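Undergrad: Next one to model:
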Amino acid sequence: MSRLDGWLGLVRSLVVYRRPGRQRALRRFYSELVRPGSLVFDVGAHLGDRTAAFAGLGARVIALEPQPNVARWLRRLVGRRPEVVVLEEAVGARAGTASLAVSSMNPTVSTLSGRWRADMPERNEGFREVRWDDEVEVPVTTLDLLIARYGLPDFCKLDIEGYEAEALAGLSRAVPAISVEFVRGGLDVARACVQRLDEIGAYRFNAVAGEERVFRFDGWRTAEEMLAWLDNGADDLAFGDLYARTESPS
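TA: Residues are numbered from 1 along each chain as shown. This next block holds a predicted model:
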């Protein structure tokens, strides 16, 4: 990985995720899930655009970003806020260490998933030019360990490039609200996430397309309905997020 590529990748992310007006839109959308006093886990925080939005809504935020270069910027951008804790850790099924494949030009697609890295260039044309040009050993924690340390979050965001199902394998109790990223060509990961959440809680599901700030369905769907939507190709969306809420948040 060249230093220039690393800088260019970070600049690209800054342009996309820190552009004017983005914070206002994020806070408006997340206000349904995050309220003053909420605890939020932002797993895959990257440069902290959503961390900043959660904190702006009055939440305490545990922001996890395992990429060393990105984590340094995350601390500069949001880590000085008293309500934000930045952890340079990944999240998986069990605690330990793992090899993170880093894309210096596209740091948002750095991943712990070897299968995702191998399959996505074939399955999704948007990944065909992606190069994972470095690897770094990173510490890995679990959602259960984070809960033991910080408490049960009111909302947990998982955006970890094909590793979301592994992260949910390290969760043994229902979180009131949670989101996981889905990507065309990797809907098997989203499917595994829905199945896992259905095992541990009475969840209802919805979806957001791409970077939109509106739920796709008028009503929250059952696990079976969401699985059928994924099996039918998720409306051929390039990417988005699945949201899950417990029927009776605790």
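Undergrad: what sits against the residue positioned nearest the centre of the chain?
TA: Centroid check for the chain by CA atoms, centre = their mean gives residue 159 as the closest residue, at 1.7 Å. Residues counted as contacts of residue 159 (CB atoms under 8 Å, 6 or more residues apart in numbering) are 43, 44, 46, 179, 180, 181, 241. No exception for glycine: its C-beta is placed from N, CA and C like everyone else's.
Undergrad: Helices - which of these land there?
TA: Of the contacts of residue 159, none are assigned to helices by DSSP state H.
Undergrad: what's the pLDDT at residue 108?
TA: With respect to pLDDT, residue 108 scores 89.
Undergrad: any idea how far residue 70 is from it?
TA: 9 Å (CB to CB, to the nearest Å).
Undergrad: If you count surrounding residues, which of these two has more?
TA: Neighbour totals were compared for residue 108 and residue 70, and residue 70 leads with 24 against 18 (other CB atoms under 10 Å).
Undergrad: Can you pull the phi/psi pair for the residue nearest to the centre of the chain?
TA: phi -140, psi 80 (degrees, to the nearest 10).
Undergrad: okay, it: pLDDT?
TA: pLDDT, read off for residue 159, is 97.
Undergrad: now do residue 104
TA: 86.
Undergrad: low pLDDT regions in this structure?
TA: 1-21, 247-250 (pLDDT under 70).
Undergrad: Could you pull up the residues touching the residue lying closest to residue 233 once chain neighbours are set aside?
TA: Spatial nearest neighbour of residue 233, chain neighbours left out: residue 187 (7.5 Å); criterion: CB to CB, 6 or more residues apart in numbering. For residue 187, the contact set (CB under 8 Å, 6+ apart) comprises 230, 233, 234.
Undergrad: Assign the first one to helix, strand or coil.
TA: If I follow you right, that is residue 230. helix (DSSP: H, G, I helix; E, B strand; the rest coil).
Undergrad: just checking, it touches residue 194?
TA: Yes: using CB atoms under 8 Å, residue 230 is in contact with residue 194, at 7.1 Å.
Undergrad: neighbour-wise, which of these two wins?
TA: Each of residue 230 and residue 194 has its neighbours counted (other CB under 10 Å); residue 194 has more, 26 against 20.
Undergrad: residues touching the more buried one, list them.
TA: Contacts of residue 194 by CB under 8 Å, 6+ apart are 205, 223, 226, 227, 230, 242, 244.
Undergrad: In CSV, list those residues along with distance to residue 74.
TA: Below are the contacts of residue 194 laid out as CSV (distance: CB to CB, whole Å):
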residue, distance to residue 74
205, 29
223, 33
226, 31
227, 34
230, 31
242, 24
244, 25
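Undergrad: Go through those and give me the one with the most neighbours.
TA: The most crowded member of the contacts of residue 194, judged by other CB under 10 Å, is residue 226 (27 neighbours).
Undergrad: Does that one belong to a helix, a strand or coil?
TA: Once three-state DSSP is applied, residue 226 turns out helix.
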